[in-house]
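Chemist: Return a 3D structure for these sequence lines:
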Amino acid sequence: MKIKIISIIWGLAILAGVVFAVAQKGEIVTVERLNQSGKEFEEIEIKNETALMKEPISEEEIEKEEVLKPEEIDKSSDDTPKEEGFISEEETKDEKTEEELKIINKRVDWGFASGKDRKIDTIILHTSYNILGGDEYSAEKVIEEYRQYEVAPHYLIDRRGSIFRLVDDKNIAYHAGESRVPDGRTGVNNFSLGIEVINSEKDKFTASQYDAIDRLLKDLKKKYEIKYILGHSDIAPGRKTDPWNIDWDKVKK
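Modeler: Model (predicted):
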């Protein structure tokens, strides 16, 4: 009698063939079903929190299923929901660049005259280095050299790409000397900004310096209607040869 009851229970288990699984509403899960021939797998879709059987899927068929390879994913569209007001990394790139323009104030009390309502439309690039002894690329030494000659640019860029403000834009810095721009105007100091880049006649600009020049020019062009971006040698040919070894192709005008 005991054997007969066990056989009936076993038969009912085979007939039911279901291993109970708990899942959330709307989820599709895979469960095992045991029968006399071995294991089979079935997908159960949970609808209204009720498990509904689908057509059985054999273990052999499951093994044949291919996993989607990364290169097969369609990248043409992104269905990922975005929160309202979400800004992507690409969209913040320019804003981030502007925020990273750090200017170190190191104002001097020589080499300039007070300016009032002057119109700035020209930027002049120069190069200079320390000839007083010691580190020829020392920003402190270069500034001391300017003091001795009573000259100054508005901005100084060191070898690491740090930007120093020596003279406020509104003031007339003594950086150009006797000079003329292509449209014939002289007295270039009156309507220009001077940018000195620390470099010697034997070396090239560093990548950090080109990056600093680019960011500074971008910022200045937003503030002023710039007509010319020139080198010192362009406005004083025969008298000046700087900026030395500049690659103008790397200067984004």
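Chemist: For stretch 211-219, buried residues please.
Modeler: 212-213, 215-217 (16 or more other CB atoms under 10 Å). In short, each C-beta sits where N, CA and C put it, glycine included.
Chemist: Format those residues as TSV; extra columns: pLDDT and distance to residue 137.
Modeler: Putting the buried residues of stretch 211-219 into TSV (pLDDT from 0 to 100; distance: CB to CB, whole Å) gives the following:
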residue	pLDDT	distance to residue 137
212	98	14
213	98	16
215	97	20
216	98	19
217	98	22
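Chemist: So which of the residues you listed sit within helices?
Modeler: 212-213, 215-217 (DSSP state H).
Chemist: how about those residues in JSON lines, adding distance to residue 132?
Modeler: Shown next, in JSON lines, are these (distance: CB to CB, whole Å):
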{"residue": "212", "distance to residue 132": "24"}
{"residue": "213", "distance to residue 132": "25"}
{"residue": "215", "distance to residue 132": "29"}
{"residue": "216", "distance to residue 132": "26"}
{"residue": "217", "distance to residue 132": "29"}
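Chemist: Tell me the one among the residues you listed nearest to residue 249.
Modeler: residue 213 (12.5 Å; CB to CB).
Chemist: Contact partners for the closest one?
Modeler: Residue 213 makes contacts with 125, 157, 195, 197, 251, as judged by CB atoms under 8 Å, 6 or more residues apart in numbering.
Chemist: Tell me the one among these nearest to residue 110.
Modeler: Looking across these and measuring by CB to CB, the closest to residue 110 is residue 195, at 18.2 Å.
Chemist: Check what pLDDT the closest one gets.
Modeler: Per-residue pLDDT puts residue 195 at 99.
Chemist: So, low pLDDT: which residues of the stretch 151-253 of the chain?
Modeler: For the stretch 151-253 of the chain, the stretches with pLDDT under 70 are 253.
Chemist: in it, which spans are helices?
Modeler: 207-223, 232-235 (DSSP state H, counting those that start in this stretch).
Chemist: what would the ones you listed look like in CSV with distance to residue 142?
Modeler: What follows is the helices of the stretch 151-253 of the chain, written out as CSV (distance: least, CB to CB, whole Å):
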stretch, distance to residue 142
helix 207-223, 14
helix 232-235, 15
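Chemist: out of these, nearest to residue 184?
Modeler: Residue 184 sits nearest to helix 232-235 of all the helices of the stretch 151-253 of the chain, at 11.4 Å, using CB to CB.
Chemist: Let's verify the closest residue in space to residue 219 that isn't next to it in sequence: helix, strand, or coil?
Modeler: In this structure, residue 219 finds its nearest non-sequential neighbour in residue 101, 5.5 Å apart by CB to CB, 6 or more residues apart in numbering. Look at residue 101: counting by DSSP: H, G, I helix; E, B strand; the rest coil, its state is coil.
Chemist: Count the neighbours of residue 101 for me.
Modeler: Close neighbours of residue 101, defined as other CB atoms under 10 Å, add up to 12.
Chemist: Also the one 4 residues further on?
Modeler: Residue 105 has 8 neighbouring residues, counting by other CB under 10 Å.
Chemist: Surely it is in contact with residue 168?
Modeler: No. Contact criterion CB atoms under 8 Å: residue 105 and residue 168 do not qualify, at 9.4 Å.
Chemist: care to break the chain down by domain?
Modeler: Here the domain assignment for the chain is 2-63, 95-250, based on automatic domain parsing.
Chemist: Do I have it right that the residue nearest to residue 219 meets residue 215?
Modeler: Yes. With contacts counted by CB under 8 Å, residue 101 reaches residue 215, the gap being 4.9 Å.
Chemist: Show the contacting residues for residue 154.
Modeler: By CB under 8 Å, 6+ apart, the residues touching residue 154 are 165-169, 173, 175, 193-195.
Chemist: Residue 125 in helix, strand or coil?
Modeler: Three-state call for residue 125 (three-state DSSP): strand.
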